[in-house]
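Chemist: sharing a model that was predicted from the sequence below.
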Amino acid sequence: MRVLVAGATGVVGRQLLPLLTEIGHETYGLARSDATARRVRQLGGHPVRGDALDPDAVAEAVRTAAPDAIVNMATAIPANPDPRHLARDFALTNRLRTEGTRNLLAAAGRAGAPRLISQGLAYAYQPGRGAANEDTPLWANPPRQFVPVLDALRQLERQTTAAGGLVLRLGHLYGPGSAFAADGALARSARTGRLPIVGDGAATYSFVHAADVASAIVAALDRPVPGVLNVVDDEPAPVPEWLPALARLTGGPAPKHVPTALARLAVGGWGVAFMTRLRGADNARARLSLDWRPRYASWRDGFAAELHGITDASA
């Protein structure tokens with residue numbers, strides 16, 4: 001199968017391209033620059049030049065690659081976004097999710113409508129008890145800074161599913177290049193004691209390793225499943241479980257407890273919600289419909305594998 005990947009050198013792309021090539025797919029990566037094109041080649045893919053926000057360039061790239069499927073993992077998330085200015089820091093990602101998806105779909109239509117698989121989020125569900133499945137509504141009235149992010153995700157999902165494509169709603173992504181990597185912003189904050197438990201720490205996180213996202217995409221390429229699926233591990237975890245574990249693995253101190261009101265002054269409404277209101281997600285539908293199993297069924301094993309040796313390295 002010929003597969004075109006947008007976001008080919010990102011956290012997911014760097015796991016996906018080698019896997020696609022290894023199992024025999026002919027893989028193409030959308031590349032904005034010479035540096036990105038070189039990286040696509042290093043990952044085993046064929047670069048096709050184009051900016052996802054340029055409709056003519058995307059059309060030419062799709063014509064060149066002539067893909068049977070397009071995988072849209074394109075984002076431009078800063079390494080350490082400011083929760084008080086999340087809307088600003090996600091502005092380009094929001095455009096990639098809306099305009100970029102529209103450009104890919106338009107080009108796909110002219111190229112014979114290849115299948116589209118897009119990246120969504122599994123932590124945008126309406127806060128509540130228990131793990132959310134795909135029928136759970138998305139957040140109705142999120143904090144102000146998250147509103148444009150969620151609007152863009154809704155548009156991406158509408159466009160993708162209306163074209164018969166599949167949206168993979170990803171959990172909190174970890175692995176090389178992510179915020180939870182040894183050199184990532186959140187791991188660094190945990191190591192230096194600057195990532196506290198806010199209020200009662202009631203947020204629940206569902207994690208997923210980038211390599212497990214890649215395997216889910218490969219599984220989805222073989223199955224014509226439309227709609228949305230949660231791609232997360234098997235163990236949703238409240239903040240008071242995963243944050244102390246992350247601190248220990250990074251050699252950091254036990255997390256402090258910070259009152260919600262004090263945290264709000266420092267990180268704003270979205271920053272507080274991120275630590276107190278997020279809901280975990282259920283992966284049963286993805287396991288069944290894709291016959292997919294995450295290699296790291298628990299974030300505990302995945303974190304330990306990713307962060308092994310970080311304490312010695314940072315000593």
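Modeler: Cool, got the structure. Numbers count the residues shown, from 1 in each chain.
Chemist: now the end-to-end length of stretch 119-127.
Modeler: Start-to-end span of stretch 119-127 (CA to CA, to the nearest Å) is 21 Å.
Chemist: only the buried residues of it, if you could.
Modeler: Of all the residues in stretch 119-127, those buried under the rule 16 or more other CB atoms under 10 Å are 119-125, 127. C-beta here means a position set from N, CA and C on the backbone, and glycine is covered the same way.
Chemist: which two from these end up farthest apart in space?
Modeler: Between any two of the buried residues of stretch 119-127, the greatest separation by CB to CB is 22.1 Å, found for Q119 and P127.
Chemist: where does pLDDT dip in the stretch 1-150 of the chain?
Modeler: Under the criterion pLDDT under 70, no range of the stretch 1-150 of the chain is flagged.
Chemist: now do the strands in it.
Modeler: Secondary structure of the stretch 1-150 of the chain (DSSP state E, counting those that start in this stretch): strands located at 2-6, 26-31, 46-49, 69-72, 115-121.
Chemist: where in the stretch 151-300 of the chain is pLDDT low?
Modeler: For the stretch 151-300 of the chain (pLDDT under 70), the answer is none.
Chemist: show me the contacts for Q145.
Modeler: 83-87, 268-270 (CB atoms under 8 Å, 6 or more residues apart in numbering).
Chemist: closest one of the residues you listed to A8?
Modeler: Relative to A8, the closest of the contacts of Q145 is L86; by CB to CB it sits at 25.4 Å.
Chemist: quick one: the residue nearest to that closest one when sequence neighbours are not counted from W270, how far?
Modeler: Counting by CB to CB, 6 or more residues apart in numbering, the nearest residue to L86 once its immediate chain neighbours are dropped is Q145, at 3.9 Å. Using CB to CB, to the nearest Å, Q145 is found at 4 Å from W270.
Chemist: what is in contact with those two at once?
Modeler: In contact with both Q145 and W270: 83-84, 86, using CB under 8 Å, 6+ apart.
Chemist: packing partners for the host helix or strand of V228?
Modeler: Using DSSP states H and E, V228 maps to strand 227-231. Judged by 3 or more CB pairs under 8 Å, 6 or more residues apart in numbering; DSSP states H and E, the packing partners of strand 227-231 are helix 147-162, strand 166-170, helix 210-221, helix 284-290.
Chemist: the shortest one - which strands sit beside it in the sheet, and in what orientation?
Modeler: Right, the one you point to is strand 166-170. strand 115-121 (parallel), strand 227-231 (parallel) (DSSP bridges).
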